[in-house]
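Visitor: The following block contains a protein sequence and its predicted model.
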Protein chains: 2
Amino acid sequence: MVVVDDHPIVISGISGLLSDLENIEIVEKMQSGALLLDYIESNEVDLVLIDIFLPVVTGIDLCKSIKQKYPQVIVIGMSSQSERSLVMQFIQNGGNGYILKSASFEEFKNCINKAIEGEIVFSDEVKTIVSQPLSEDLDNIPSLSRREKDIALLLSKGKQTQEIADELFLSFLTVQTHRRNILQKYKTKNVAELITLLLKNNLLD
Amino acid sequence: MVVVDDHPIVISGISGLLSDLENIEIVEKMQSGALLLDYIESNEVDLVLIDIFLPVVTGIDLCKSIKQKYPQVIVIGMSSQSERSLVMQFIQNGGNGYILKSASFEEFKNCINKAIEGEIVFSDEVKTIVSQPLSEDLDNIPSLSRREKDIALLLSKGKQTQEIADELFLSFLTVQTHRRNILQKYKTKNVAELITLLLKNNLLD
DNA sequence: TTTGTATTACCTGATATCAGGTAAAAGTTG
DNA sequence: CAACTTTTACCTGATATCAGGTAATACAAA
């Protein structure tokens, strides 16, 4: 088994945790995806435990790369906080399981053992997150058109309709129409609610 | 020394890391601030290493509580990602240092040793973050009072003055006053800009 | 080519926000 | 206790937003 994490203490922690699992041997500990891909080229690897928030290449992309070339390798993801969409993405890219770093030692052991047997495993907290009835239908969030984004961005900076019109060389009335369309698109009743929604969904970057 | 973190693997990792530091003995490992405050009541503690993102009570508030009652205890903060404002807040609340979890073993050891000698210590990455020319003067962000936060939160949900008044059993005019005070406090010209500022600075959680 | 979305633009009226000033009661800190 | 902050509350007028409807041009997809 190989652990990939850019936090030395996490690696150390997992070593300690797994030292009493007889069937598992931590072969290597590394701090980046690139190192893992190199290693996997010339060594036999059964199981990989990777942090999702790695520098350069994210854990999700790393998982994808591994699975494309070596589909038999079991890949388990880890992170501190977890969002439903992240976990789902990871699994969709071939991940065999997902564990929150706040999981207990027992959970870690169980998950790893079951994953080896071919199951898709989740730590308890992840289970509850994944099985949540996904808050209404907030998944299929519509996206902003180019112009709408321009306007939303200026709105988020506190600009008002006339100022936006001046800045984008548009009519006051045009900006007004865009505003209304954006509000309707997201079913928000005013700019405050809109900005909250946009920022929380990273739609303004 | 006591380690407070809600991630078992991190605690395990730190144990492993510090087992070869002779002058330090990890007395206790616990997963919440409440446990620490209980423990500290009846035991002598020299140094505490706390995670910033703890459930219920954040590491910053925990640090504050500790320092109020036991100013001689050395408190070092930790987190995975770090933001300038977070680190500054922690130090302002009496923290003796801040370490990123991605820090190397060496850094951990150095920081802890120096902190014991009375220095304020930062791991390398934190240093660079702290010493950044801090985008203009966005540091000294005032904080919201309890009531102001209530109102700001409802504003972010798109509620308007009258609705907020009803929900909080206040006069329309009172809410109006709060709104104005909040806008003034952050020098924002409307709610849209305000929400942006608050969300980007994590002031609404 | 037709359908659909995006972008532009105009009009009106009801309602909300913002900015100005004022002030008392309650709670907190030195 | 005194000073300060917080929370509560009222008044007014100017300006902005929101909701409703309508419509032409442009550009991409079916």
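Guide: All right, it came through fine. No experiment lies behind these values; they were computed from the predicted model shown.

Visitor: So which residue is dead centre in chain A?
Guide: A:L86 (3.2 Å; CA atoms, centre = their mean).

Visitor: And the helices in chain A?
Guide: A:8-18, A:33-42, A:59-69, A:84-92, A:105-116, A:124-130, A:146-156, A:161-168, A:172-185, A:191-200 (DSSP state H).

Visitor: Quick one, which of these gets closest to DNA strand D.
Guide: The closest of the helices of chain A to DNA strand D is helix A:161-168. By CB to the nearest atom of the strand, the value is 3.3 Å. Bear in mind the C-beta positions are built from the backbone N, C-alpha and C, glycine included.

Visitor: Quick check: buried residues in the closest one?
Guide: Across helix A:161-168, burial judged by 16 or more other CB atoms under 10 Å in any protein chain shown covers A:161, A:163-165, A:168.

Visitor: now do the same end-to-end measure for stretch A:11-31.
Guide: 9 Å (CA to CA, to the nearest Å).

Visitor: next one: stretch A:87-100
Guide: Start-to-end, stretch A:87-100 (CA to CA) is 10 Å.

Visitor: Would you mind listing the buried residues in that stretch?
Guide: Per 16+ other CB under 10 Å, stretch A:87-100 contains these buried residues: A:87-91, A:93-100.

Visitor: Same question for stretch A:112-121.
Guide: Buried, per 16+ other CB under 10 Å, within stretch A:112-121: A:112, A:115-116, A:121.

Visitor: my read: the residue nearest to the centre of chain A touches A:G59, true?
Guide: No: in this structure, A:L86 is not within contact of A:G59 by CB atoms under 8 Å, at 9.2 Å.

Visitor: unless I'm mixing things up, A:D150 is touching A:A165, no?
Guide: No: using CB under 8 Å, A:D150 makes no contact with A:A165, being 11.5 Å away.

Visitor: neighbours of the residue lying closest to A:K109 once chain neighbours are set aside, just the number please.
Guide: Closest residue to A:K109 apart from its sequence neighbours, by CB to CB, 6 or more residues apart in numbering or on different chains: A:L21 at 6.0 Å. Residues contacting A:L21 under the criterion other CB atoms under 10 Å in any protein chain shown number 14.

Visitor: Tell me the spacing between A:L21 and A:N113.
Guide: 8 Å (CB to CB, to the nearest Å).

Visitor: shaky segments in chain A?
Guide: A:22, A:27, A:84-85, A:92, A:130-140 (pLDDT under 70).

Visitor: still on that earlier bit, quick check, nearest of the buried residues of stretch A:87-100 to B:T177?
Guide: Distance to B:T177 across these (CB to CB) is lowest for A:L100, with 43.3 Å.

Visitor: which ones are touching that closest one?
Guide: A:78-82, A:123, A:125-126 (CB atoms under 8 Å, 6 or more residues apart in numbering or on different chains).

Visitor: And for A:V75?
Guide: A:47-48, A:50, A:63, A:66-67, A:94-96.

Visitor: May I have the beta-bridge partners of it?
Guide: A:V48 (DSSP bridges).

Visitor: Need the overlap of contacts for A:L86 and A:G59.
Guide: A:52, A:79.

Visitor: ok, A:L47 touching A:G118?
Guide: No: judged on CB under 8 Å, A:L47 makes no contact with A:G118 at a distance of 11.7 Å.

Visitor: picking up where we left off before, using JSON lines, lay out the buried residues of helix A:161-168 together with distance to chain B.
Guide: Shown next, in JSON lines, are the buried residues of helix A:161-168 (distance: CB to the nearest CB, whole Å):
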{"residue": "A:T161", "distance to chain B": "11"}
{"residue": "A:E163", "distance to chain B": "10"}
{"residue": "A:I164", "distance to chain B": "11"}
{"residue": "A:A165", "distance to chain B": "16"}
{"residue": "A:L168", "distance to chain B": "16"}
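
Visitor: Keep those, but drop any that are not near DNA strand C.
Guide: Checking the buried residues of helix A:161-168 against DNA strand C by CB under 7 Å from any atom of the strand, the ones in range are A:L168.

Visitor: and stretch A:173-185, does that touch chain B?
Guide: No: for stretch A:173-185, no contact with chain B is found by CB under 8 Å from any CB of the partner chain; the gap never falls below 9.7 Å.

Visitor: quick check, that stretch touching DNA strand C?
Guide: Yes: contact between stretch A:173-185 and DNA strand C, assessed by CB under 7 Å from any atom of the strand, occurs at A:173-174, A:176-178, A:181.

Visitor: Please identify the buried residues of that stretch?
Guide: Applying 16+ other CB under 10 Å to stretch A:173-185 flags A:174-175, A:178-179, A:182-183 as buried.

Visitor: List just the nearest of those to DNA strand C.
Guide: Lowest distance from DNA strand C to the buried residues of stretch A:173-185 (CB to the nearest atom of the strand) belongs to A:T174, with 3.6 Å.

Visitor: So that closest one versus A:S42, what's the distance?
Guide: From A:T174 to A:S42 the distance is 61 Å (CB to CB).

Visitor: Kindly report the same for A:D166.
Guide: For A:D166, the distance to A:S42 - CB to CB - is 62 Å.

Visitor: Give me the contact list for stretch A:14-23.
Guide: A:1, A:3, A:5, A:24, A:26, A:29, A:49, A:105, A:108-109, A:112-113, A:116, B:8-9, B:12-13, B:15-16.

Visitor: So how do I select the buried members of those residues in PyMOL?
Guide: The PyMOL selection below is limited to those of the contacts of stretch A:14-23 classed as buried (16+ other CB under 10 Å):
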select buried, (chain A and resi 1+3+5+24+26+29+49+108+109+112+116) or (chain B and resi 8+9+12+13+15+16)
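
Visitor: nearest residue to the residue in chain A sticking out farthest from the centre other than its sequence neighbours?
Guide: Using CA atoms, centre = their mean, the residue of chain A lying farthest from its centre is A:S171. It sits 40.2 Å away. The shortest distance from A:S171 to any non-neighbouring residue, by CB to CB, 6+ apart, is to A:A165 (6.2 Å).

Visitor: got the contact list for that neighbour?
Guide: Counting by CB under 8 Å, 6+ apart, A:A165 has contacts A:171-172, A:174-175.

Visitor: among those residues, which are in reach of DNA strand D?
Guide: Counting by CB under 7 Å from any atom of the strand, no member of the contacts of A:A165 reaches DNA strand D.

Visitor: For stretch A:184-199, measure first residue to last.
Guide: End-to-end distance (CA to CA), stretch A:184-199: 17 Å.
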